[in-house]
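Asks: The sequence isn't on hand, but the structure is:
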């Protein structure tokens, strides 16, 4: 028996499932993913009783939202919408509402949505098993927090998940590049609607005996979804914005995504190498497990490589920003220095002029001429200019 719960479940339903099937509520609460909590990772010697699979969906805005601050403003807006959506899922208790764990904005057009699913098994034996399948994928009528509310008319479309092929990053690409990547009909990130993979009849029959075979196709879909995003990141890094101030926020967001993926891949590899006792009891299961281990090791290496590239690029961008700021400050210092030198010239002359303008009998002689003014002010100004010159010369020596 496989019980499937789609989207945000009601609290009473989860309570009924735990009591009716005698399940550990810890697995249910872990799937729920309350905010301000953290998940304890399992050790290889202690395999968890639940299997969590994470998916990522690559989407594109059509048309691209036009915002004053670009991708940074879009990133902040979608994060705010996601937090509001999470509170609505908990407070309104809407059954079946689609959930999103994270929304990542990569530039003004492309974004990714992270979701997950959890399998909790019970009544396991070598001949059959039962389980509860909890997924974030709700109904098509669910709210869509990945669409910015400040940009009416903007729609989101998601790429299908395929083992290979080419994806166009531009709507002006030739039709031949887009005929296999028809994204117009995918308006929700549900990977099971977009996956172009399938199990063989023999593997489907084996699913009834081994829960790992049921998860193998799901792990395969997860791996393909992450590889699709990594392929996009490779292509997009070649066309980063020229300004380092625009590069740094994008690279930081991508690095956070890559670091999370490395942690997820490590957990999957630990689970595949140390499954529960009744799992992978057939030769076919072990063969599929070896293939998945190879795939996820490649994914972890790819994510780690991209993360290091982002770190280096962030360092270069920050160094460039520091150099530009230093040059800007140096130019401003030169302007201030020039104004200071002008002050050393005009302030003494202004002082002498103000002295001649005093209502004092000695200075009120109508016989005073302009020549007398310059005779006094010029030597005084030269003496005043020699003071900063002497200080700078002293520091230089």
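Replies: Looks like it arrived, so ask away. All figures in this text were calculated on a predicted structure; none of them were measured in a lab. Numbering: from 1, shown residues only.
Asks: domain ranges for this protein?
Replies: 2-168+184-323, 359-396 (the TED database).
Asks: mean confidence for the shortest one?
Replies: Right, the one you point to is domain 359-396. The average pLDDT for domain 359-396 rounds to 69.
Asks: Quick one, which of the domains of the chain gets closest to residue 336.
Replies: domain 359-396 (13.3 Å; Cβ to Cβ). From N, CA and C alone the C-beta is placed, and that goes for glycine too.
Asks: Setting aside sequence neighbours, what's the nearest residue to residue 109?
Replies: Sequence neighbours aside, residue 64 is the residue nearest to residue 109 in space, at 4.5 Å (criterion: Cβ to Cβ, 6 or more residues apart in numbering).
Asks: same deal with residue 194?
Replies: Sequence neighbours aside, residue 160 is the residue nearest to residue 194 in space, at 4.5 Å (criterion: Cβ to Cβ, 6+ apart).
Asks: Can you give me the pLDDT of that neighbour?
Replies: So residue 160 comes in at 87 (pLDDT).
Asks: and what of residue 256?
Replies: For residue 256, pLDDT reads 94.
Asks: Tell me which helix or strand it sits in.
Replies: Using DSSP states H and E, residue 256 maps to helix 244-273.
Asks: any weak-confidence spans in the stretch 1-150 of the chain?
Replies: Counting by pLDDT under 70, the stretch 1-150 of the chain contains low-confidence ranges at 33-37, 68, 91-93, 126, 140-142.
Asks: which residue ranges form the helices in it?
Replies: 11-21, 25-32, 71-91 (DSSP state H, counting those that start in this stretch).
Asks: Same list (the ones you listed) but as a markdown table, adding distance to residue 279.
Replies: Below are the helices of the stretch 1-150 of the chain laid out as a markdown table (distance: least, Cβ to Cβ, whole Å):
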| stretch | distance to residue 279 |
| --- | --- |
| helix 11-21 | 19 |
| helix 25-32 | 16 |
| helix 71-91 | 32 |
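Asks: want to try JSON lines for the ones you listed, with mean neighbour count as columns?
Replies: JSON lines is the format used below for the helices of the stretch 1-150 of the chain (neighbours: other Cβ atoms under 10 Å):
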{"stretch": "helix 11-21", "mean neighbour count": "13"}
{"stretch": "helix 25-32", "mean neighbour count": "17"}
{"stretch": "helix 71-91", "mean neighbour count": "17"}
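Asks: need the contact list for residue 164.
Replies: By Cβ atoms under 8 Å, 6 or more residues apart in numbering, the contact set of residue 164 is empty.
Asks: okay, it: pLDDT?
Replies: 76.
Asks: That one and residue 50, how far apart?
Replies: 32 Å (Cβ to Cβ, to the nearest Å).
Asks: again with residue 303
Replies: 23 Å.
Asks: For residue 308, see how far away residue 318 is.
Replies: Residue 318 is 16 Å from residue 308, by Cβ to Cβ.
Asks: what about these two, which has more around it?
Replies: Neighbours were counted for residue 318 and for residue 308 using other Cβ atoms under 10 Å; residue 318 has more, 15 against 12.
Asks: what ranges do the helices span in the stretch 201-350 of the chain?
Replies: 201-207, 211-237, 244-273, 283-356.
Asks: Who are the packing partners of the third one?
Replies: By that I understand helix 244-273. strand 50-62, helix 71-91, strand 102-105, helix 211-237, helix 283-356 (3 or more Cβ pairs under 8 Å, 6 or more residues apart in numbering; DSSP states H and E).
Asks: Buried ones in that helix, by neighbour count?
Replies: 244, 246-251, 253-255, 257-258, 260-262, 264-265, 267-272 (16 or more other Cβ atoms under 10 Å).
Asks: Could you pull up the contacting residues of residue 23?
Replies: Contacts of residue 23 by Cβ under 8 Å, 6+ apart are 17, 120, 122, 132.
Asks: Can you turn the buried part of these into a PyMOL selection?
Replies: The PyMOL command for the buried members of those (criterion: 16+ other Cβ under 10 Å) is given here:
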select buried, resi 17+120+132
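Asks: Ignoring the adjacent residues along the chain, who's closest to residue 215?
Replies: residue 51 (5.7 Å).
Asks: show me the residues around the residue nearest the centre of the chain that make contact.
Replies: Centrality entry for the chain: nearest residue to the mean C-alpha point is residue 253, 3.3 Å, by Cα atoms, centre = their mean. Contacts for residue 253 (Cβ under 8 Å, 6+ apart) come out as 75, 104-106.
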